[in-house]
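K.L.:
how would this look folded up:
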Amino acid sequence: MAPTRTLLSGLIGAALLFPLPLAGATVTAAAEARTVDYRGLRLALPADWRVVDLDRNPDACLRLDLPTLYLGPAGTQADCTGRAAVRRADTLHLEPLDGAPPRADVPTVAVDSVKALPEVPARSDSNELRYALRRSGIMATVSYGASPDAVREVLAQARTAPGTQRPVPAPAAATAATAALRTAQEPFTGQGFDACTAPPQRSMDAWRAASPFRAVGVYIGGRARACAQPRLTAAWVRKQAEAGWHLMPIWVGPQPWRSSSTGLSTDASEADEQGRSAADGAADAARSLGLPKGTVLYNDLESYSDRATWDGPVVSYLTAWTVRLHQRGYRSGAYVAASSGVKALSAHHHQAPGAMPDVLWVARWNGVASVANAELGLPKGTAQWAGRRRAHQFRGDHHASYGGVTINIDRNWVDVDPTALGRGGSPRPLS
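P.N.:
Sure, this is the predicted structure:
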């Protein structure tokens, strides 16, 4: 049984806590709150917030499950582990506006100052927003759990020191590359990896030259996503596709656990609606990243033990996800555990074979690089998901080093041929 790959709010990396003094920032402690100055912007933080200086800690992970103020451009994020967050927290990331990446997965609103934040935030299926503060020359990325109100208030109450404004034009809205990718998923059989955040280009280049991997899973959004994606742009996607990587875009939607911010409904009809909503969010993110129609988009649904409670909602959610993705022109994949999600989908496969995910990606950390029925927890002799429509995550959450670059990864054996699927996502009949 593969352990659930989650970030728990109580697990705090001591190396990231309140690194003082901050490069380019000052912190004033008080009994109930702290004041932080960053590039002329003064913020009063709640007492339980961490402050992480990314200039001094370039390997720090931009975790979305701990209340945190992140300062400066993101570094390598080499310390990132986990993939799904049980609880999303309020976080705020401030960095210079000049040079901030043109992210396609998060809506960006250009405003003159923190006093001009719109009353109604832009819609975000990943619970993240960006504000380009033109007068201050700062990009502010907001992440939240159920509502953005509290963290937006922290930003709205900020003060600007006189004489520190440095007007910078807002960046152009992030768009997909001018020419759509022909494909980001050539038929592929072999090893792949996934990491919590998209690695820097130099890391991807080093691993392309020295590692056994030719497929990469990248988290494109979802309310339970555990790590921010400061490098995830249409240009990043294009470069990996052009280099020959088989891309496996992953959406981390609501999960089979009880959480107000990231939980799946136990009601099957509500889970169905959540599945449709997740598919729309994933399709929108894929389009923004330049991923063409016909791409397989994978829904990350973590392991659970109470099958009596969750099997029904899980099947409703993943079949609704599949049907809606097909309507949007994309293909459907599901990342599920061999001990839970696989059992639920397999048992209900005969009821709605056309609504089943087109590709099954199974987590079972047994060290065996194979997609055979026995390794994936499928019934002996079954033809379910036969014909190069399978992937197996056979080792999880470990550090790997190639070409002098170390990344925390999960390791997979992939046997996927998107050309074996019909147009618009509909699977061709199994032979």
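K.L.:
where exactly do the strands run in the stretch 151-300 of the chain?
P.N.:
Here the stretch 151-300 of the chain has its strands, by DSSP state E, counting those that start in this stretch, at 159-160, 188-194, 213-221, 246-251, 296-300.
K.L.:
just the helices in the stretch 101-250 of the chain please.
P.N.:
Assigned helices in the stretch 101-250 of the chain, in chain order: 149-156, 201-210, 234-242 (criterion: DSSP state H, counting those that start in this stretch).
K.L.:
just so I know, which of those helices lies nearest residue 132?
P.N.:
helix 149-156 (12.4 Å; Cβ to Cβ). (C-beta placed from N, C-alpha, C; glycine too.)
K.L.:
helices or strands next to the closest one in the packing?
P.N.:
Applying 3 or more Cβ pairs under 8 Å, 6 or more residues apart in numbering; DSSP states H and E, one finds that helix 149-156 contacts strand 41-46, strand 91-96, strand 138-143.
K.L.:
Check the average confidence over it, would you?
P.N.:
Mean per-residue pLDDT for helix 149-156: 94.
K.L.:
same question, stretch 366-385
P.N.:
On average, stretch 366-385 scores 97.
K.L.:
For residue 129, which of the helices of the stretch 101-250 of the chain is the nearest?
P.N.:
Nearest of those (Cβ to Cβ): helix 149-156, 8.0 Å.
K.L.:
Just want the angle from that closest one to strand 41-46.
P.N.:
150 degrees (axes from the mean of the first three to the mean of the last three Cα atoms, to 10 degrees).
K.L.:
As CSV, could you dump the C-alpha coordinates of helix 149-156?
P.N.:
In CSV, the C-alpha atoms belonging to helix 149-156 read as follows (Å, rounded to 0.1, in the frame of the first residue of the first chain):
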residue,chain,number,x,y,z
ASP,A,149,-10.6,37.3,2.6
ALA,A,150,-8.1,37.0,5.5
VAL,A,151,-4.9,37.0,3.5
ARG,A,152,-6.2,39.7,1.2
GLU,A,153,-6.9,41.8,4.3
VAL,A,154,-3.2,41.4,5.4
LEU,A,155,-2.2,42.8,2.0
ALA,A,156,-4.9,45.5,1.8
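K.L.:
Show me what it is in contact with.
P.N.:
Residues outside helix 149-156 that contact it (Cβ atoms under 8 Å, 6 or more residues apart in numbering) are 43-46, 90-92, 114-115, 117, 121, 131, 140, 142-144.
K.L.:
shaky segments in the stretch 101-250 of the chain?
P.N.:
Residues of the stretch 101-250 of the chain meeting the criterion pLDDT under 70: 163-180.
K.L.:
tell me what the helix or strand where residue 310 lies is packed against?
P.N.:
When elements are assigned from DSSP states H and E, residue 310 belongs to helix 307-327. Here helix 307-327 touches helix 268-288, strand 296-300, strand 331-337, helix 341-348, going by 3+ Cβ pairs under 8 Å, 6+ apart.
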